[in-house]
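Trainee: I would like the atomic coordinates for the input below:
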Amino acid sequence: MAQRTLARYLLEEQRNKGVITADLRLLVEVVARACQAISIAIGKGGLGEALGEAGSDNVQGEAQKKLDVLSNDILLDANEWGGHLAAMASEEMDLPHLVPHRYPQGEYLLTFDPLDGSSNIDVNVSIGTIFSVLKCPEGADLSTAASAEAAFLQPGTTQVAAGYTVYGPTTLLVLTVGDGVVSFTLDREQGDFVLTQENVQIPADTKEFAINMSNQRFWEAPVKRYVDEMLAGKEGPLGKDYNMRWVASMVADVHRIMTRGGIFMYPMDSKMKDKGGKLRLMYEANPMALLIEQAGGAATTGRERILDLLPSKIHQRVPVVLGSKNEVDRVTSYHLV
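Mentor: Next up is the predicted model:
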């Protein structure tokens with residue numbers, strides 16, 4: 001039987017199920033090709049002179065790696081001329097990037113974190129790209145980059161596609177177009193993403209959790225309670241032993257949960273309270289929340305469903321609790337007592 005490439009899968013979703021439009025199909029294919037180019041650049045490592053600091057900061061005030069800048073440029077260059085987009089927004093840029101007037105304007109908006117977990121680049125740990133696609137509202141003011149920001153301020157429920165690419169021992173693309181979650185593996189010889197898993201499902205229960213324990217002294221009481229209960233093991237109120245895993249790359253941690261279950265937490269804490277949280281709603285929390293829910297999991301801020309949040313700005317930050325549904329429901333219930 002012939003392999004089902006990404007292009008074939010998307011065409012079937014369009015033609016047989018009517019889930020996506022032709023423009024959305026082509027847009028996702030362009031994003032995937034850009035991720036292949038990023039994968040090649042990462043794979044060269046020090047040979048490509050792309051490791052190390054870029055000597056600049058992003059809009060978040062974080063030091064940029066050379067590969068952060070390169071990955072951002074690859075995604076911008078690949079997507080601005082295809083005619084599928086009206087504008088793009090990146091974690092690495094202060095304002096949205098408008099499609100130049102010399103290219104046709106499309107009906108979609110693309111948001112992305114071009115290289116998530118980039119602090120791990122120089123130590124050769126899995127990193128990734130996260131992306132999300134929205135419909136551009138009718139009548140949106142795209143005359144300037146500043147005015148275009150309002151078009152992106154939509155709840156996560158309006159996403160028409162979301163995905164991430166993991167750059168690890170293999171390069172994987174995990175995708176949803178609202179019809180479940182599928183996983184593709186990059187065949188480097190063929191130059192295509194090939195479907196390797198359909199109907200990805202996250203177990204409702206788990207014995208693994210991911211959290212940055214060094215922030216324990218800053219956590220709110222409900223998170224401290226939940227982590228203490230997990231650490232108590234079989235003798236504690238949860239009645240089972242847990243393992244902790246923390247890669248410090250959201251893509252890597254979430255992909256582990258997609259593969260075998262677990263719960264990922266970057267909760268609200270006193271250190272980040274004035275910023276609203278650590279992770280970005282538009283570039284990280286929303287696309288991951290859609291993927292997690294499509295795979296049968298749950299994603300909240302600890303208090304409310306992430307996908308229901310109405311963004312107030314494109315770089316808004318939020319706390320994140322996501323993964324196996326029963327565990328997410330448990331820690332969320334502790335916040336609501």
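Trainee: pLDDT value on the residue nearest to residue 271 when sequence neighbours are not counted, please?
Mentor: Closest residue to residue 271 apart from its sequence neighbours, by Cβ to Cβ, 6 or more residues apart in numbering: residue 218 at 4.4 Å. Placement of C-beta: from N, CA and C, glycine included. Residue 218 carries a pLDDT value of 97.
Trainee: mind listing what residue 218 touches?
Mentor: 269-272 (Cβ atoms under 8 Å, 6 or more residues apart in numbering).
Trainee: next one: residue 291
Mentor: Per Cβ under 8 Å, 6+ apart, neighbours of residue 291: 162-164, 174, 176, 181, 254, 258.
Trainee: out of the residues you listed, which is most surrounded?
Mentor: Neighbour count (other Cβ atoms under 10 Å) singles out residue 254 as the most crowded of these, with 30 neighbours.
Trainee: quickly list the domain ranges of this structure.
Mentor: Per automatic domain parsing, the domain ranges recorded for the chain read 6-197, 208-335.
Trainee: can you say which helix or strand has residue 321 in it?
Mentor: strand 320-323 (DSSP states H and E).
Trainee: can you map out the helices along the stretch 201-337 of the chain?
Mentor: 221-231, 250-260, 286-294, 325-335 (DSSP state H, counting those that start in this stretch).
Trainee: residues near residue 101, how many?
Mentor: 7.
Trainee: do the same with residue 311
Mentor: Residue 311 is flanked by 19 other residues according to other Cβ under 10 Å.
Trainee: report whether the expected contact of it with residue 152 is present.
Mentor: Yes. Here residue 311 lies in contact with residue 152, judged by Cβ atoms under 8 Å, at a distance of 7.3 Å.
Trainee: so what sits against both of the two?
Mentor: With Cβ under 8 Å, 6+ apart, residue 311 and residue 152 have common neighbours residue 282.
Trainee: quick one, what contacts the closest residue to residue 65 other than its chain neighbours?
Mentor: Distance criterion Cβ to Cβ, 6+ apart; nearest residue to residue 65, sequence neighbours excluded, is residue 118 at 4.7 Å. By Cβ under 8 Å, 6+ apart, the contact set of residue 118 is 64-65, 67-68, 127.
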